[in-house]
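1. Predicted model and sequence below, questions to follow.
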Amino acid sequence: MPATRSVYVCQQCGSTSPKWAGQCPSCEAWNTLVETVMPSGPSRRRERPAPGPGAAAVEPIGAVSSAEAERLASGIGEVDRVLGGGLVPGSIVLFGGDPGIGKSTLLLQLAARLAAAGSSALYVTGEESSRQVRGRAERVGAVVEGISLLATTELETAVEAITGTSPAFAVVDSVQTLASSELGGPAGSVGQVREVAMRLAEVAKRSATCVALVGHVTKEGTVAGPRTLEHLVDAVVYLEGERLGTTRLIRAAKNRFGSTDEVGVLEMRGDGLVEVPDASRFFLESEQPPVAGSAVTIALEGTRPLAVEIQALVAPAGYGSPRRATTGIDTNRVLMLIAVLARHAGLNLTGHDVYVNVAGGLRIEEPAADLAVAAALASSLRERAVRSGTVLAGELALSGRLRPVSRPERRLTEARRLGFDRLITGPARGDLPTAGPAADGIEQATDLRDALRRALEA
Ligand code: TYD
Ligand code: MG
């Protein structure tokens, strides 16, 4: 038994102290220090690749090859798009998301696609038994040659299996259920979670394996509590969606090998996650002819334009303060828009309950959706549908003025593809063509009142 010592690791920020205290000296959170036993002495051995010839070679920057490592296309286009073109051998990617959202399903499907294409895959399960994983594999068609299973909660066993078999793709499900026997502290504590990620990152490099690490998101919204994990991995991908809905979005929160603003759209079916072929149409529930309380915007998520329907319901409030409830959009943003509508467009919603819903389970962050939200609210209040063929994109300032949006012509092109013919937006920025076919159909409103008139009045 090697000599050990105890340190106290803050479960919030990951800093360590030699003594226990009620408050973390670093981030000042209360009751977050947890005793963690470490092997003592400075000579804590870490496995490193044997220094082969040239292992520490210093070379001129010009002599370094910039050729990108060949990527493994996962076969699920929406996932590859978010990763920037596929999985990178020797890298570690953290897949985060709420419990039950479909992380295990997605990774098992990725393993199956890769195995079917001739790459070997290893699925390490610490969370479920091999039998349970096999059951899921039957549902999603992942009982294929080339996938191996290992049920363990011991980090060392998992590392050994990856080193021993050098699979092209290894799933470790999940970071919270594995623990190193060299370290004190329960599985899921900061010390353990960090150790798991660090050791797997090493192994990934050494075996040229792409390791996919599953992490449950805690209530606080961060993977495994602390942010510390994000530094240790090459990419962080989140799987999101409403639990009861079937739409799932994948987004990269960090990506060493690509951009972070692409979004992938998948749908959860009885036989696993499937790609949504025409994602833009997917978020469009609009009925024809248009009904009151609905407006369509074209959101730009990364380089991909998505047509999204905003639905609003405005109804006279009963007793007490009126209700304001939203799904898929920040409630504070809607409260602000309600105030701007009252002040600058003469639409008073003080005595009304207000409900705003983004169709299809999408969550919109882009302020360019403001104008469509305002139009949906105005449309519901006035019981008058937005003119057919109209989409809106514009950010509203508190003054009621409209700010320019990025790439209006890109948005209009997408709108046209879906059968719309006019885009109501704010004033031009430098990149907006003022003449020519791209500008044809773009209407620049001066302020909120003007935009609503164009949207609602025939
Ligand atoms: P799972 O992948 O276990 O989620 P996570 O690993 O993120 O916790 O998925 C769990 C949910 O997905 C479960 O409620 C059942 C549903 N599901 C389907 O709808 N279809 C399927 O083919 C599978 C495998 C799961
Ligand atoms: Mg799971």
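-> That came through, no problem. Ligands and ions are numbered 1, 2, ... in the order given.

2. who touches the helix or strand containing Gln109?
-> Following DSSP states H and E, one finds Gln109 within helix 103-116. Contact with helix 103-116 is made by 72, 74-76, 79, 87, 95-97, 121, 123, 127-128, 133, 136-137, 140-142, 144-147, 168-169, 171, 173-174, 212, 214, 239, 248, 250, 266, 268, 272-273, as judged by CB atoms under 8 Å, 6 or more residues apart in numbering. In this view, the C-beta of every residue, glycine as well, is placed from N, C-alpha and C.

3. Mind checking which of those residues land in strands?
-> Counting by DSSP state E, these place 95-97, 121, 123, 147, 169, 171, 173, 212, 214, 239, 248, 250, 266, 268, 272-273 in strands.

4. so who does the closest residue to Val88 other than its chain neighbours touch?
-> The shortest distance from Val88 to any non-neighbouring residue, by CB to CB, 6 or more residues apart in numbering, is to Phe257 (5.2 Å). Taking CB under 8 Å, 6+ apart, we find Phe257 in contact with Arg71, Leu83, Gly84, Gly85, Val88, Ser91, Asp234, Ala235.

5. Pull out the buried residues from those.
-> Buried residues within these, defined by neighbour count using 16 or more other CB atoms under 10 Å: Arg71, Leu83, Gly84, Val88, Ser91, Asp234, Ala235.

6. residue boundaries of the strands in the stretch 201-350 of the chain?
-> Per DSSP state E, counting those that start in this stretch, the stretch 201-350 of the chain carries strands over the ranges 210-216, 235-240, 247-255, 263-269, 272-275, 294-301, 304-316, 324-327.

7. got the ones you listed as CSV, with mean pLDDT and distance to Thr16 columns?
-> Formatted as CSV, the strands of the stretch 201-350 of the chain follow (pLDDT from 0 to 100; distance: least, CB to CB, whole Å):
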stretch, mean pLDDT, distance to Thr16
strand 210-216, 94, 21
strand 235-240, 90, 23
strand 247-255, 87, 24
strand 263-269, 90, 37
strand 272-275, 93, 39
strand 294-301, 91, 39
strand 304-316, 92, 42
strand 324-327, 95, 41
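
8. wouldn't Ala161 be in contact with Glu154 here?
-> No. Taking contacts as CB atoms under 8 Å, Ala161 lies outside contact range of Glu154: 10.4 Å.

9. Who has more neighbours out of these two?
-> Comparing Ala161 with Glu154 by other CB atoms under 10 Å, the one with more neighbours is Ala161, at 17 against 14.

10. For that one, which non-adjacent residue is spatially closest?
-> Using CB to CB, 6+ apart and skipping the chain neighbours, the partner closest in space to Ala161 is Leu150 (5.1 Å).

11. In this structure that neighbour contacts Leu122, no?
-> Yes. Contact criterion CB under 8 Å: Leu150 and Leu122 qualify, at 6.6 Å.

12. Which residues are in contact with each of these two?
-> Counting by CB under 8 Å, 6+ apart, the residues touching both Leu150 and Leu122 are Ala161.

13. Neighbour count for these two, which is higher?
-> Leu122 (25 against 19).

14. So which residues on this structure come close to ligand 1?
-> For the chain, the contact set with ligand 1 under CB under 6 Å from any ligand atom comprises 97, 99-105, 136, 139-140, 268, 270-272.

15. Cheers, nothing more for now.
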